[in-house]
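> the sequence and its predicted three-dimensional model are supplied below.
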Protein chains: 2
Amino acid sequence: MSTAYERLVALGRELRLVGDAASLLGWDQEVLLPKRGVAYRAEQMSWFSGYLHERFTAAEVGEWIAEAEAASRSATDPVAAANLRVWRHAYDRATRLPKPLVQEFAEARVLAKSAWAEAREKSDFARFAPHLEKLVALSRERAERWGYEDHLYDALIDGFERGATARGLVATLGSLRESLVPVVEAATAREPFDRSKLAGHYPIERQQAFNREVAESIGFDFKAGRIDTAVHPFCSGMAPYDTRLTTRYDEGDFLSSLFGVLHETGHGLYEQGLPKDWRGQPVGSASSLGVHESQSRLWENHVGRSRGFWEKWLPRAIHHFPHLAGLTPDDLHAAVNQAERSHIRVEADEVTYDLHILLRFEMEMAIFSGELAVADIPGEWNRRFESYFGRPVRNDAEGCLQDIHWSMGIFGYFPTYSLGNLNAAHLARAAKRDVAVAAAFENADYGPLLDWMRKHIHEAGSLYLPDELVARAAGEPVTSDALVEHLRERYLGAH
Amino acid sequence: MSTAYERLVALGRELRLVGDAASLLGWDQEVLLPKRGVAYRAEQMSWFSGYLHERFTAAEVGEWIAEAEAASRSATDPVAAANLRVWRHAYDRATRLPKPLVQEFAEARVLAKSAWAEAREKSDFARFAPHLEKLVALSRERAERWGYEDHLYDALIDGFERGATARGLVATLGSLRESLVPVVEAATAREPFDRSKLAGHYPIERQQAFNREVAESIGFDFKAGRIDTAVHPFCSGMAPYDTRLTTRYDEGDFLSSLFGVLHETGHGLYEQGLPKDWRGQPVGSASSLGVHESQSRLWENHVGRSRGFWEKWLPRAIHHFPHLAGLTPDDLHAAVNQAERSHIRVEADEVTYDLHILLRFEMEMAIFSGELAVADIPGEWNRRFESYFGRPVRNDAEGCLQDIHWSMGIFGYFPTYSLGNLNAAHLARAAKRDVAVAAAFENADYGPLLDWMRKHIHEAGSLYLPDELVARAAGEPVTSDALVEHLRERYLGAH
């Protein structure tokens, strides 16, 4: 006779198997699915979400959780305690939603994602607006049912980042902005790098070969993962040994796909480094999105935009793109650290990136507080963008349609990107206190850095809440100090 | 309150949605799945097969079927009658298998398919042998449980081709062989086409562009389908508007991928032409594998190997592969009708193809009658091949490891390829009695041919048993006459 806890472990493992199949269906929609297959895929996703919800919200599951909580084991076994913490949180949230709402939301997301891709391609917000209306309404209903103390938006954030709140984020992002504004001013006033030095044709196959070489070198295991092409770069860890990255290609700019791959490889390394012994248990999953994003930003920014990186990789870039011969590591270092008031978040430099997040966070707060109607999103976006970045938005494709997130019904997710930036800088600073890691940044041989992350972050899975995990790893609680210090140093050459 | 029949329709639709998700997982294994992801995928497939089996074999489903059979409706409604025929057959078979056996088989298949791909690559039968042992043992157990009158193998065939039996196939294939032997002798004695005329480099991207152009021209809807690359060419109709073909490329021979695509496009056109109003119902599915294969062989052989086809497509081939300039349609017509005693079934010419099938059919009969042990398969294969084809097998990759089927645990499937050849010739002869179809073959504008197949085969779904469907379409029951006549005409220029 198995214990309640063992039954929970077995159920979790089974539902994870099924959920991972749904992840493949979701991945496939973005990478491969023929256009006319979307409606049926929506029905399939609805089925999966309904099935998973029904199994997990069964009354007996609630009894098992209560029984396991009452047993002494969770008091002495940190793994069991962490699993129960996640199950309790997930169960309480899930049981507040009726199955039809869960299914309606799952179906609406698939249709919205497809409509968004078309709307973005044609820069036509009107095509997407009814889908977004629906997702906002359904998200509002979900948040109301989940409940909140302060702000409805808290109930949404809570699904992505345990412990984060709207109030806390307003303070964190607001003060970050204040620290960053002078750095942005100074950085964007510097003489710009002459981008014509990089002009040329970069065939997709050679970009793929170069990106793969870089990803493999920093530790991505291609026997347990892939890189494919999608409109929106993302990483899907859809099985213990199946982590898939996507990127997109610009034949006039190899840096775009490279930095996409560096970013997603950071996510992928985290997924590949999660503890396999706990697979199928909550504790075997990533701690939070803000921690996940710390790993992607670490490899994208702290590694990929460092001078050491280009010392090593420029010769290989020249091998794949011979017209780069004659450029120096300093050229590339300058090119990838050029501060610009870009329209596109995923292509933004490090110093302006968090302004993009702040914009989205404020938009979402306005939408869910009821101040901003969906129809008014483009106008409001453009107004705010111009006020933050000092340049106009020319069309919705480079404005409010640029990101996939809203089409997937994920609201409250964007702020985790800034948390990721804070975490990344905080962890990088702490890791560099280890001389081997510091040396790794110099000689661009990143084994010790990956080992440090494996040991302090990846292998801990969800054993701790995100803030605690990062604080334990770094030896001190996260603040914005490390990020501001890092950006000042990188952009102003100052400490 | 819904009727028993309505409940069956709803259940069928739901299980089809779920089964189609499993199809995507299976497709993904062959096209994309990272190597280290195989074991988990096996667990997933085991889950899906167990879930589908459990739902479908529930006692209440049996009650619904009995109740619906007893209701008068099935007597007057041919759609309901056909659905009930398939449900009854499937239910009686499924309930004879315990769930653990179903799951064990599903898991073993995934692992075997992966082991086979490696074994074939290294031409090392020993790597595959233990997996094959297991699949043969499980298949024997399944067949024993399903039951049979005459030969255990009948129980296996019955899963692929209703109405076919070992005894009937021995007679059909034996007499076909007798008719074909003199044609093979004469055809292989002809002066061979000088293949050096086709020598050259065929870049994969250009082959892809050419194949796509051909597939689109004959009617494949790329908004509801794709072509990808896989070791083994196949077609997966995994949703009403999602039909995926695969092919493989040889940069020294564009005909290999082209004929793979023509073949799979034939399957794909059938899938895309199935009646969407009946989706999720058995009647909305393909009638049988022997009928499916009639469609692939029609486009591959009757169309692709005709002179009219090359009259139209050689100029486009030259466009994509300029070194072909100077060749004539007669050259291509001769090249694709060159009879050879090839080792590889899927690359075999039309006239020797059925000998490959006969070989496999006899091997399977010997395996399941207990005469042939798995360990002895390579030796027996090589002995038989040399006796049929007059040349030795040099290694297992070009011998008993060449086909994927056994690694998927599908035994009793190969004979349906010969049934497909018989059906294809029978249907082509009948269709050509329509002057528009006959003209289509001349001017290589195949709309009328596709329309004929849509009307007589595709749109009927599983309304009739395979033999009846083909007989109704052609106006007379299928025999080997049309195929023998077609091959005599093509290879001997005789009627």
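Sure thing, it's come through.

> now the longest helix seen in chain A, how far from the centre of its chain.
As far as residue count goes, and with DSSP state H defining each element, the longest helix of chain A is helix A:4-31. The chain centre lies 20 Å from the centre of helix A:4-31; the measure is C-alpha atoms, centre = their mean, to the nearest Å.

> do stretch A:270-288 as well
The answer for stretch A:270-288 is 16 Å, by C-alpha atoms, centre = their mean.

> the helices in the stretch 251-400 of chain A, which residues?
In the stretch 251-400 of chain A, helices defined by DSSP state H, counting those that start in this stretch lie at A:254-273, A:289-297, A:307-320, A:329-336, A:350-368, A:377-389, listed in chain order.

> same for the fourth one, what does it pack against?
Okay, so that is helix A:329-336. Counting contacts by 3 or more C-beta pairs under 8 Å, 6 or more residues apart in numbering or on different chains; DSSP states H and E, the secondary-structure elements packed against helix A:329-336 are helix A:254-273, helix A:307-320. Where you see a C-beta, it was placed from the backbone N, CA and C, and this is true even at glycine.

> highest average neighbour count across the ones you listed?
For these, the largest average neighbour count (mean count of other C-beta atoms under 10 Å in any protein chain shown) is found in helix A:254-273, namely a mean of 25.

> now the angle between helix A:289-297 and that helix, please.
For helix A:254-273 against helix A:289-297, the angle between stretch directions is 130 degrees (axes from the mean of the first three to the mean of the last three C-alpha atoms, to 10 degrees).

> state the mean pLDDT of helix A:254-273.
Helix A:254-273 carries an average pLDDT of 97.

> cool, stretch A:363-373 as well?
The model assigns stretch A:363-373 a mean pLDDT of 97.

> list the buried residues in it.
Judged by neighbour count (16 or more other C-beta atoms under 10 Å in any protein chain shown), stretch A:363-373 contains these buried residues: A:Met363, A:Glu364, A:Met365, A:Ala366, A:Ile367, A:Phe368, A:Leu372.

> pull the number of nearby residues for the residue nearest to A:Ser123 when sequence neighbours are not counted.
With C-beta to C-beta, 6 or more residues apart in numbering or on different chains as the measure, A:Ala397 is the residue that lies nearest to A:Ser123, at 3.8 Å, once sequence neighbours are left out. For A:Ala397, the tally of surrounding residues (other C-beta atoms under 10 Å in any protein chain shown) stands at 18.

> my read: A:Ala397 touches A:Arg127, true?
No: applying C-beta atoms under 8 Å, one finds A:Ala397 not in contact with A:Arg127, separated by 11.7 Å.

> low-confidence bits of chain A, can you list those?
Under the criterion of pLDDT under 70, the regions of chain A flagged as low confidence span A:1, A:73-74, A:494-495.

> for chain B, what are the nearby residues on it?
Proximity of chain A to chain B, by C-beta under 8 Å from any C-beta of the partner chain, involves residues A:14, A:17-18, A:20-22, A:24-25, A:28, A:32-37, A:39-41, A:43-44, A:47-48, A:221-226, A:228, A:239-242.

> what are the ranges of the strands in chain A?
Listed in chain order, the strands of chain A (DSSP state E) span A:225-229, A:235-239, A:242-247.

> alright, I will stop here.
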